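Novice: What would the 3D arrangement of this be:
(one chain, ligands or ions: 2)
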Amino acid sequence: MRTIDFEAELNGEQLAAVQAEDGAVLIIAAAGTGKTRTLVYRVAYLVQHDVRGENILLLTFTNKAAAEMMERARELVGGEKLTGMWGGTFHHVANRMLREHAERIGYRRDYSILDSDDQKSLIKQIYEEQGHKGDKTFPKPEVLLSLFSLAANKNQDPRDMVVDRFRDTKVDVEAVLRIGNLYEERKKSLNAMDFDDLLINAMRLLEEHEGTREYYQHRFRYVMVDEYQDTNPVQYSFVRLLSGENGNLLVVGDDFQSIYGWRGADYRNILDFPEQHPNAQVFKLVTNYRSVPGILDVANRCIAGNPEQFQKELLAVREAGVKPTLAMLQDGTHQARYIISRMRLLRRQGYQWADMTILYRAHYHALELQLELQREGVPYQITSGVRFFEQAHIKDVLCLLRLIQNPRDELAFVRMMCLLPGVGNKGAAKLWGLLSRRFDPGLSEDRNLLMEKVPKRGRETWAQVHAALEAADPAMLKRNAAEAVQLYLDSFYDEYAVETFDRYDSRLEDINGMMDFAGGFPSVEAFLNDVALQTNLDERGEADDEQDVLRLGTIHQSKGLEFPVVFVLWCSDGMFPAGRSLEDADGGESEERRLFYVVTTRAKDVLTLCAPQMRRQRDGGVVYYAPSRFVAELGSGVLQEERGGYY
Ligand code: ATP
Ligand code: MG
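Specialist: Ligands and ions are numbered 1, 2, ... in the order given. Sure, this is the predicted structure:
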């Protein structure tokens, strides 16, 4: 273990927080002020003051963040001193507790954990038993699962949530709730828990069993939570129960960065902390070590647009650097080319690919960019999440195009058939044989033949697709990928998505984005060629070594991280903020602004906000966009404006 010079390595405010007296402690501070660093040093400080590792519990949000924090702490104080310390995500810690005491709440300790596939198959069984299989008027299993999950995370009665969601529809609310109840019972009898159960059950364990609660309260004399602004009501109760009335609970966070409202997080948890803990010591860190002043200017001004939040200005310690840039670009392709040329320039100045990141509000925003990166041989990785064209819903609609282009594409055929009610892999393979191993969706005779062979349950759905394609000109189908997909959506897939996917709106948004993009190609074939280039990719490009790759990801995934160079895609009003979020009366715009705050504060040296001005629609028309309102709000002089040249 190296000697830590706390005074030299921390500023006064951080040091005070690290050395805080026992009791409740709140560190509320804006981005990059060293909150996570303070937390790690606090662990080191406690260990130096003879607190044993096993008496410390560290909770955070993502597995990645937890691993990084443990790593930093180990580096500071040495691994052996931390033996017995627990650190990880809420789910991780909940699971560890339940493995020790599950029988107290009616499970065996060897319970299994259901992943989302397991959850789906379980709930599908229940659907069948209840006679909802293939019932088109009834919401799909995934939709119900996500509703039940939101209720669980908000610690709310599912009834309220279900009634609310299906208001003004013909959906039988009682039937939905019956499925919910059966799902709960079934998990119990299988001795299984899903992810939400882990949290709920750990909370119940502490709530209902005084002995267990006291045991853990005693064991974890020090409980610390990072990113506290994103705790949901269940996590909140869990933390409260663990730390007890007078425990040593230290929470760290920034209400500006609360971006999981849509999953039940509530940033008021952090704002109300002093009220809930009247003796709490509160520390506010104001010095930002991460970013150059110009970037902080952007961050400070943007968040001032959310006056309901706890306003905290960021002060820069770093020397002035380059002013953040607003790049006014023509469209998505121009944006991609501009970014690549800037990155090449930055590389000549000494930055590596791994020093740079490209962040976006929604996956489909990065479509043209992924294509260009691939073309240009830039080595890149997408931080969690699948590449755009490998997502299920995109592949689903692409199979139609693949068959239009190549009627012998069996894989595409099987995938398409499996979307129909009553058709599985086996059935699809059989159909393929019956059709003499070819099927062209553009040909009437092929479709008629298929019509006769599709099993009864899927026939009605197929008939709709058939009718839509029948009305279309076959030559057009080969030429116009967007039009073909549109027919498919209207006749069937739109409804399929609504019933099948949790967050179907963002999936449909992806598909629409893809269609606009496809509109720029002269034929289905040309479009598919480019897509194929995307998916069969060789990961390596012109990197210096294997580690040196450019990272792409959504803003949500970038929380807590920092990069020397950050590009933000589509800072255009209607794209970011996303049009659909603004319709959400429940603080949609405020949460979008917090996202904008999060993304700008990831940058250390160079921040570039890209604002393409138009998007081509599939029909050849264009939509024009003004720069994001978050950019417009900044006022003049904060950004240097640039117009990308021709590439
Ligand atoms: P976020 O809100 O994004 O989670 P944070 O408040 O957790 O940010 P950290 O990630 O802990 O901030 O710190 C930001 C950067 O500033 C890190 O690179 C960290 O090492 C550095 N830093 C923080 N405090 C100091 C300090 N006193 N001296 C030098 N560097 C510091
Ligand atoms: Mg942090």
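Novice: Nearest residue to the spatially most central residue of the chain in space, please, no chain neighbours.
Specialist: Centroid-nearest residue in the chain, with Cα atoms, centre = their mean: His556, separated by 5.2 Å. Using Cβ to Cβ, 6 or more residues apart in numbering and skipping residues adjacent in sequence, the residue nearest His556 is Ile259, 6.1 Å away. All C-beta atoms are positioned from the backbone trio N, CA, C, and that covers glycine.
Novice: got the contact list for the one residue in the chain that gets nearest to ligand 2?
Specialist: Going by Cβ to the ion, ligand 2 is nearest to Thr36 of the chain, at 3.3 Å. By Cβ atoms under 8 Å, 6 or more residues apart in numbering, the contact list for Thr36 reads 65, 69, 226, 252, 560.
Novice: Among the residues you listed, which ones are in helices?
Specialist: Among these, DSSP state H puts 65, 69 in helices.
Novice: which of the contacts of Thr36 has the most neighbours?
Specialist: Val252 (25 neighbours; other Cβ atoms under 10 Å).
Novice: Verify the contact between it and Ile27 for me.
Specialist: Yes. Here Val252 reaches Ile27: they are 4.5 Å apart, a contact under Cβ atoms under 8 Å.
Novice: Overlap in contacts, these two.
Specialist: Shared contacts of Val252 and Ile27 (Cβ under 8 Å, 6+ apart): 35, 38-39.
Novice: Skipping its backbone neighbours, what lies nearest Val549 in space?
Specialist: Pro379 (4.5 Å).
Novice: That neighbour contacts Trp353, correct?
Specialist: Yes. Between Pro379 and Trp353 there is a contact at 6.1 Å, judged by Cβ under 8 Å.
Novice: higher neighbour count, those two?
Specialist: Neighbours per residue (other Cβ under 10 Å) separate Pro379 from Trp353, with Trp353 holding more: 23 against 19.
Novice: what's near enough to touch that one?
Specialist: Neighbour list for Trp353: 343, 347, 378-380, 543, 548-550 [criterion: Cβ under 8 Å, 6+ apart].
Novice: Now render those as JSON lines, adding distance to ligand 2 and pLDDT.
Specialist: Supplementary listing: the contacts of Trp353 in JSON lines, determined by distance: Cβ to the ion, whole Å; pLDDT from 0 to 100:
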{"residue": "Met343", "distance to ligand 2": "26", "pLDDT": "97"}
{"residue": "Arg347", "distance to ligand 2": "28", "pLDDT": "96"}
{"residue": "Val378", "distance to ligand 2": "28", "pLDDT": "92"}
{"residue": "Pro379", "distance to ligand 2": "27", "pLDDT": "90"}
{"residue": "Tyr380", "distance to ligand 2": "25", "pLDDT": "89"}
{"residue": "Ala543", "distance to ligand 2": "28", "pLDDT": "40"}
{"residue": "Asp548", "distance to ligand 2": "25", "pLDDT": "88"}
{"residue": "Val549", "distance to ligand 2": "23", "pLDDT": "90"}
{"residue": "Leu550", "distance to ligand 2": "23", "pLDDT": "94"}
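Novice: Can you lay out these as JSON lines showing distance to Gly519 and secondary structure?
Specialist: Shown next, in JSON lines, are the contacts of Trp353 (distance: Cβ to Cβ, whole Å; DSSP: H, G, I helix; E, B strand; the rest coil):
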{"residue": "Met343", "distance to Gly519": "27", "secondary structure": "helix"}
{"residue": "Arg347", "distance to Gly519": "33", "secondary structure": "helix"}
{"residue": "Val378", "distance to Gly519": "25", "secondary structure": "coil"}
{"residue": "Pro379", "distance to Gly519": "29", "secondary structure": "coil"}
{"residue": "Tyr380", "distance to Gly519": "25", "secondary structure": "strand"}
{"residue": "Ala543", "distance to Gly519": "33", "secondary structure": "coil"}
{"residue": "Asp548", "distance to Gly519": "35", "secondary structure": "coil"}
{"residue": "Val549", "distance to Gly519": "31", "secondary structure": "coil"}
{"residue": "Leu550", "distance to Gly519": "28", "secondary structure": "strand"}
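Novice: Turn the buried ones among these into a named ChimeraX selection, would you?
Specialist: Buried residues among those (16 or more other Cβ atoms under 10 Å), as a ChimeraX selection:
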select :343,347,378,379,380,543,549,550
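Novice: Spatially nearest residue to Asp396 (excluding sequence neighbours)?
Specialist: Asp396 sits nearest to Leu419 (Cβ to Cβ, 6+ apart), 6.2 Å away.
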